[in-house]
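# Give me a model of this one.
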Amino acid sequence: MTAAENVCYTLINVQTDSEPPSEISLKADLEKGEIKAKTEALKKVIIMILNGEKLPGLLMTIIRFVLPLQDHTIKKLLLVFWEIVPKTTPDGKLLQEMILVCDAYRKDLQHPNEFIRGSTLRFLCKLKEAELLEPLMPAIRACLEHRHSYVRRNAVLAVYTIYRNFENLIPDAPELIHDFLVNEKDASCKRNAFMMLIHADQDRALDYLSTCIDQVHTFGDILQLVIVELIYKVCHANPSERARFIRCIYNLLQSSSPAVKYEAAGTLVTLSSAPTAIKAAAQCYIDLIIKESDNNVKLIVLDRLVELKENPTHDRVLQDLVMDILRVLATPDLEVRKKTLQLALDLVSSRNVEELVIVLKKEVIKTNNVTEHEDTDKYRQLLVRTLHSCSVRFPDMAANVIPVLMEFLSDTNEAAATNVLEFIREAIQRFDGLRPLVFEKLLEVFHSIKAVKIFRGALWILGEYCCTKEDIQSVMTEIRRSLGEIPIVENELKRELGEIKPEDEATVTPAQKLVTEMGTYVTQSALVSTRPTKKDEDRPPLRGFLMDGDFYVAAALATTLTKLALRYVSIIPDKRKQNSFVAEAMLIMASVLHLGKSSLAKKPITDDDVDRISLCIKVLSECSPLMDDIFNKECRSSLSHMLTVKLEEEKLSQKKESEKRSVTVQADDPLTFMQLTAKSETASKEDQFQLSLLAAMGNTQRKEATDPSASKLNKVTQLTGFSDPVYAEAYVHVNQYDIVLDVLVVNQTSDTLQNCTLELATLGDLKLVEKPSPLTLAPHDFTNIKANVKVASTENGIIFGNIVYDVSGAASDRNCVVLSDIHIDIMDYIQSASCTDAEFRQMWAEFEWENKVTVNTNIADLYEYLQHILSSTNMRCLTPEKALSGFCGFMAANLYARSIFGEDALANVSIEKPVHLGPDAPVSGHIRIRAKSQGMALSLGDKINLSQKKISI
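Next up, the predicted model:
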């Protein structure tokens with residue numbers, strides 16, 4: 001191993017702004033200073049050695065004047081010093097001075113103070129020189145019998161490390177530790193000893209476990225965790241041992257330690273797929289989620305439940321636990337609730353849907369009594385969506401759900417009310433039997449609706465689905481009630497005139513000077529009425545919306561009135577009644593038009609709304625069969641078609657999910673019997689403990705090997721030229737928040753390069769963790785240097801720097817080779833995600849950073865270009881596939897992605913095919929990107945710019 005790859009045990013924060021002291025002053029402080037001065041001098045020496053200074057002249061000074069001191073701070077610092085100081089000569093032989101150090105540590109291992117003994121034993125775990133350890137072995141063995149547990153547990157670790165690195169120094173270590181374990185009473189010592197036996201001599205560990213397997217539940221949690229690991233490893237390597245240990249794992253599910261319960265449940269699932277085992281593990285996971293207060297723990301354990309659900313054979317077991325899973329909703333965290341509701345919805349079946357709906361209805365009612373909060377609103381939306389999905393999948397439940405949800409239409413939270421309205425629209429269209437109930441409940445809450453958007457939707461539903469004479473008259477009465485007296489303009493003027501008093505005359509305020517943005521002065525005067533305005537609450541809801549200038553609702557009102565009138569005409573044969581009803585509808589529309597043209601409303605009516613209302617009046621004046629067909633049949637068939645398409649898409653996505661989860665077994669596939677499997681075959685299967693350790697260390701080589709496109713060669717960046725004296729190239733490995741640079745440095749000269757240092761700097765939200773240490777390179781030698789970089793946010797980062805070195809024997813200054821820049825790709829942090837249309841629109845309105853990218857490509861097909869952008873940016877297309885199918889020469893699509901840091905990225909693709917330029921003309925248009933941060937928007941735009949053109953192979 002090279003110096004750069006040596007394991008680092010100690011990290012020290014170094015202040016870089018201070019001047020490094022000279023070796024002479026340090027020597028003086030170490031020889032003649034007080035204890036405090038010696039402590040400070042020793043700290044400076046340690047920092048200088050970490051920075052690459054050798055300081056060989058101070059070694060003997062420290063041995064003579066510092067090593068004999070009994071001060072505890074000095075002793076702790078000396079342990080760090082001996083860990084990092086070079087202990088060998090350039091040819092690899094141990095320094096003579098280290099014999100004196102060895103003698104000092106033999107004395108420390110026999111010191112009466114247990115802290116000094118224990119610290120020394122921990123230090124010995126880090127030594128890699130067998131010549132230093134050999135004289136200390138008798139003292140280390142003696143420490144196993146010390147009265148204090150701190151010394152004994154560190155002695156076990158020291159024995160384990162020495163046995164692993166230099167087995168010849170203590171060949172009887174497993175036997176020694178087994179005897180120690182049998183007689184030991186302290187939990188931490190037993191844990192360390194048992195852990196050593198697992199890795200050094202598994203048979204001895206199993207022998208010990210066999211003797212005390214019935215008492216495992218009484219052990220401390222740290223020992224129980226190691227026992228779980230042993231059972232997993234043994235059963236993984238030898239499945240026939242499962243029956244022997246599975247009862248022990250069941251017992252550990254009742255442990256008082258959450259960590260033990262979690263590991264035991266995970267082990268039980270991997271060892272057995274029996275329904276009782278799965279149920280016990282799932283129940284254990286649910287208890288952990290409910291009892292643990294940390295939301296991160298809840299989310300991790302919920303993920304384990306989701307993984308259990310992914311196996312089709314476990315579905316039925318988990319379906320019986322849906323009510324227990326719903327207990328997690330007591331957690332106030334929105335993310336936990338969201339994941340819980342999704343899991344419950346995936347597990348819902350005809351057996352448990354009724355109970356699920358009852359619980360969700362209770363949760364919905366609870367949100368009414370809670371103080372308004374952003375999370376409460378979002379939670380309410382989640383509940384409404386879940387109830388919606390349940391009702392669509394199980395139509396029998398809709399009748400129970402609708403009365404509860406109807407109350408939300410009058411809610412101030414528009415998002416929740418919108419979800420309820422969509423659900424009602426779907427229910428009234430799909431379930432004929434529920435129409436009378438939905439219609440009645442909607443009429444009840446109609447007058448209390450506060451949001452204009454909800455009012456508009458409710459008005460459309462009432463107009464579309466009232467079929468009888470009584471229903472039509474009820475809707476008309478409700479419209480008149482919500483509109484107030486008509487004509488509106490005349491009524492409003494009367495109200496205004498009736499409220500004016502002589503003392504309330506309008507007054508002119510004194511002119512005031514204002515400063516414009518350009519710095520010039522302008523004078524402003526205003527005619528202000530001191531009379532208090534009539535409260536908006538006095539007006540009926542629809543009148544209030546119109547007075548506020550929202551005339552889009554007037555267009556919806558005109559359509560509804562037209563449908564009502566045309567349907568009334570077809571039902572009632574009496575001409576007089578027909579004319580009376582149609583005239584009333586036309587009067588209301590004309591009155592609204594008059595109000596829009598007057599100055600009473602806050603905003604005038606738009607031309608589009610005028611056209612719509614005028615068209616409706618014209619339709620009613622003519623009453624042609626064609627218009628009747630369009631208004632009363634075509635509208636509903638369009639809605640029906642839209643809901644059918646939506647349902648088909650949902651079924652298709654569910655089918656894809658189930659296909660992913662289902663295990664397909666061909667007729668001629670061989671059967672595998674675990675009892676008959678050779679050990680070599682079982683060993684090749686995944687070891688969960690090993691995988692989790694590799695993931696924590698950022699080692700994903702196993703995955704990369706299975707994916708040829710993720711080859712290491714694709715991520716190698718050349719940093720210098722082939723003719724440079726030092727050649728360098730880097731492999732960039734991105735592991736979530738960390739980037740590891742593995743730099744190969746080759747000396748291409750015939751000289752020895754001393755103090756060869758890789759100096760790096762970063763641009764963007766990147767931070768270099770540690771400075772690589774200097775190296776000496778022999779002629780034509782090479783080495784690997786590793787550097788760690790932390791990532792803070794999603795934006796393109798740049799790492800740049802140089803390699804500096806001294807040539808042995810040369811009198812010139814230091815030589816420098818400048819390195820090429822390493823660009824960190826934003827795609828390593830961006831993952832495709834999905835969101836609803838409403839969430840997309842809300843984020844689009846909120847995000848302030850926009851980057852507009854002009855399409856410049858050689859791709860001639862619209863759909864092909866969209867797919868190319870999706871594959872290049874890791875984004876997901878939210879626009880349905882059916883909306884993108886066909887060819888009209890134009891395409892618009894919404895894209896969405898989320899970074900591992902939780903940042904959202906939105907994009908809108910608007911592209912067209914310029915037909916006038918011929919069939920081979922490339923696609924043109926724009927891509928607008930929006931994000932919360934500037935870096936995200938710019939980086940994603942740069943990525944799209946770089947990858948727009950298709951490279952022909």
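# Flag every buried residue along stretch 765-783.
Within stretch 765-783, the residues that count as buried by 16 or more other C-beta atoms under 10 Å are 765-766, 768, 771-777, 783. Placement of C-beta: from N, CA and C, glycine included.
# do the same with stretch 30-39
30, 38-39.
# Redo the residues you listed as a markdown table? Include distance to K932.
A markdown table is the format used below for these (distance: C-beta to C-beta, whole Å):
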| residue | distance to K932 |
| --- | --- |
| L30 | 55 |
| K38 | 53 |
| T39 | 49 |
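# Looking at those residues, which are in helices?
30, 38-39 (DSSP state H).
# Show me what the longest helix seen in the chain is packed up against.
If you go by DSSP H, the chain has its longest helix at helix 635-661. Counting contacts by 3 or more C-beta pairs under 8 Å, 6 or more residues apart in numbering; DSSP states H and E, helix 635-661 is packed against helix 414-430, helix 452-465, helix 881-884.
# Ok, which of those helices comes nearest T331?
Among the helices and strands packed on helix 635-661, helix 414-430 comes nearest to T331, with 20.0 Å by C-beta to C-beta.
# Tell me how far whatever helix or strand comes next after the closest one lies from the chain's centre.
The element immediately downstream of helix 414-430 (helix or strand, assigned by DSSP states H and E) is helix 435-446. With C-alpha atoms, centre = their mean, to the nearest Å as the basis, helix 435-446 stands 41 Å off its chain's centre.
# Send me helix 435-446 as CSV with only the CA atoms.
Provided in CSV are the C-alpha atoms of helix 435-446 (Å, rounded to 0.1, in the frame of the first residue of the first chain):
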residue,chain,number,x,y,z
ARG,A,435,-76.1,10.7,-8.3
PRO,A,436,-79.1,11.6,-6.1
LEU,A,437,-77.0,11.5,-3.0
VAL,A,438,-74.1,13.5,-4.5
PHE,A,439,-76.6,16.0,-6.0
GLU,A,440,-78.4,16.6,-2.7
LYS,A,441,-75.2,17.0,-0.6
LEU,A,442,-73.7,19.4,-3.2
LEU,A,443,-76.8,21.6,-3.1
GLU,A,444,-76.6,21.7,0.7
VAL,A,445,-73.0,23.0,0.7
PHE,A,446,-73.2,25.1,-2.4
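# Packing partners of it?
If you count contacts as 3+ C-beta pairs under 8 Å, 6+ apart, helix 435-446 packs onto helix 398-406, helix 414-430, helix 452-465, helix 469-483.
# Spell out the secondary structure type for L906.
Under DSSP: H, G, I helix; E, B strand; the rest coil, L906 falls in the strand class.
# burial count for L434?
18 (other C-beta atoms under 10 Å).
# quick one, what contacts L542?
L542 makes contact with 455, 479, 482-484, 553, 557, according to C-beta atoms under 8 Å, 6 or more residues apart in numbering.
# I'd like the ones in helices among the buried residues of stretch 30-39 written out as TSV, with pLDDT and distance to P604 added.
Below are these laid out as TSV (pLDDT from 0 to 100; distance: C-beta to C-beta, whole Å):
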residue	pLDDT	distance to P604
L30	82	89
K38	87	87
T39	87	82
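# Now the residue in the chain sticking out farthest from the centre: which helix or strand?
Distance from the C-alpha centroid of the chain, by C-alpha atoms, centre = their mean, peaks at R576 (66.1 Å). Element membership for R576 (DSSP H and E) is helix 575-597.
# how about the strands in the stretch 501-650 of the chain?
507-508, 512-515, 521-524, 527-528 (DSSP state E, counting those that start in this stretch).
# rank those strands by pLDDT, which is bottom?
Lowest mean pLDDT within the strands of the stretch 501-650 of the chain: strand 507-508, a mean of 37.
# Low-confidence regions, the stretch 701-850 of the chain specifically.
701-712, 736, 793-796, 808-813 (pLDDT under 70).
# All the helices of it, in order from the start?
701-706, 837-846 (DSSP state H, counting those that start in this stretch).
# Next: the stretch 151-300 of the chain.
Under DSSP H, counting those that start in this stretch, the stretch 151-300 of the chain gives helices at 173-183, 187-200, 202-211, 221-237, 242-252, 258-271, 275-291, 295-310.
# outside of the shortest one, which residues touch it?
Spelled out, it's helix 202-211. Outside helix 202-211, the residues that reach it (C-beta under 8 Å, 6+ apart) are 174-175, 178, 181-182, 194, 197-198, 216, 227, 230, 233-234.
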